[in-house]
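Participant: please find the sequence and the predicted model below.
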Amino acid sequence: MMNLKIKNIVFIFFLLFLPVLVSAQEAAEVPEPAQAEPQPAAIQETSQDPAALTEPSRLIFDDKMLLAGYAENLKEESKETLLAMIQDDTLEDHKAAAAMRVFKDNFSQEVFSREKSAIERILLRKLNRTDSIFMQIEIMHTLCRMDRYKYFASMVPTLIQKLDHYNKTANEMTYEGLNDIIQGGHNRAREARIVFNTLRKTLFLTRRRLAGIKEPSEALKQKIKLLRWSIKVLGNQELKKLPKEVIGLL
């Protein structure tokens, strides 16, 4: 009798816990979801420009636009303000050169006597101290405008040498300045001789390179144009003094 009761209790216990055991077994048999494998770095997609991965970004300044922009902003400034800016060694190069340009255009031919001498000293001092190619060109051009007879022989040969400068804006400024100086005169033989002798010396030094040139560079074209002007003033007999490599370019 006792054994029958025990069997009944075990049977009831089994019926009660059977669903729980089945659920646990089914849960154990369900496989876990597979995790996505990470892609290799070499094939991961990116939104970056490929060129940006190989070259650093560069900030490019246009010297010509900077100078023109500063000059436009300074065009109404007084002579005293411009001279103060020119003498300020802490002023940014482009802004100082722009101040020099505005002074040249607005006041260089309106100063006389004692004031003129004082300004010449300021400009010569600045020319000897500045490392800015733009400032150097503007000062030399200005001095020639202020007194061409006094400064032509010293400033024009130096300007001609700067035609070979690597900076395109400096090259253009130099050529424009030389043309302005020449056109501001009266085709004097003295001035033409200075231009001719400077170019003749330069062309003789580079005559070996000139022999193989088929298409002249911009700087060489500028020199040839200046040379033609000097020969026109001095006469065709000057052609005999030039290296033969230059005759074909003329």
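Facilitator: That came through fine.
Participant: measure stretch 205-219 end to end?
Facilitator: Length of stretch 205-219, first residue to last, Cα to Cα, to the nearest Å: 15 Å.
Participant: just the residues contacting it, thanks.
Facilitator: For stretch 205-219, contacts defined as Cβ atoms under 8 Å, 6 or more residues apart in numbering pick out 163-164, 171, 203, 220, 224, 243, 245-246, 249. Any C-beta I mention is one placed from the backbone N, CA and C, and that applies to glycine too.
Participant: tell me which of those residues fall in helices.
Facilitator: The helices, defined by DSSP state H, take in 171, 203, 220, 224, 245-246 from the contacts of stretch 205-219.
Participant: returning to that earlier point: closest one of the contacts of stretch 205-219 to residue 132?
Facilitator: residue 171 (15.0 Å; Cβ to Cβ).
Participant: ok, then the element right after the helix or strand of the chain with the lowest mean pLDDT?
Facilitator: Least confident helix or strand, the chain: helix 50-54 with a mean of 38, by mean pLDDT, DSSP states H and E. Next helix or strand after helix 50-54 toward the C-terminus (DSSP states H and E): helix 63-74.
Participant: can you give me the buried ones in that next one?
Facilitator: Of all the residues in helix 63-74, those buried under the rule 16 or more other Cβ atoms under 10 Å are 63, 66-67, 70-71, 74.
Participant: how's the chain carved up into domains?
Facilitator: Here the domain assignment for the chain is 63-185, 189-250, based on automatic domain parsing.
Participant: buried deepest among those domains, which one?
Facilitator: Stretch with highest mean neighbour count among these: domain 63-185 (a mean of 17; mean count of other Cβ atoms under 10 Å).
Participant: now find how far off-centre it is within its chain.
Facilitator: Between the centre of domain 63-185 and the centre of its host chain there is 19 Å, according to Cα atoms, centre = their mean, to the nearest Å.
Participant: kindly check the end-to-end length of that domain for me.
Facilitator: Start-to-end, domain 63-185 (Cα to Cα) is 29 Å.
Participant: same question for that domain, mean pLDDT?
Facilitator: For domain 63-185, mean pLDDT is 96.
Participant: is it possible to export the buried residues of helix 63-74 to a markdown table including distance to residue 139?
Facilitator: Listed next are the buried residues of helix 63-74 as a markdown table, based on distance: Cβ to Cβ, whole Å:
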| residue | distance to residue 139 |
| --- | --- |
| 63 | 17 |
| 66 | 18 |
| 67 | 14 |
| 70 | 16 |
| 71 | 15 |
| 74 | 16 |
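Participant: and the contacts of stretch 92-111?
Facilitator: 63, 66-71, 73-75, 77, 79, 82-83, 85-86, 88, 91, 119, 130, 132, 134-135, 137-139, 141-142, 145-146.
Participant: my error: substitute stretch 64-71 in the last question.
Facilitator: Taking Cβ under 8 Å, 6+ apart as the rule, stretch 64-71 contacts 94-95, 97-99, 101-102, 134, 169, 172.
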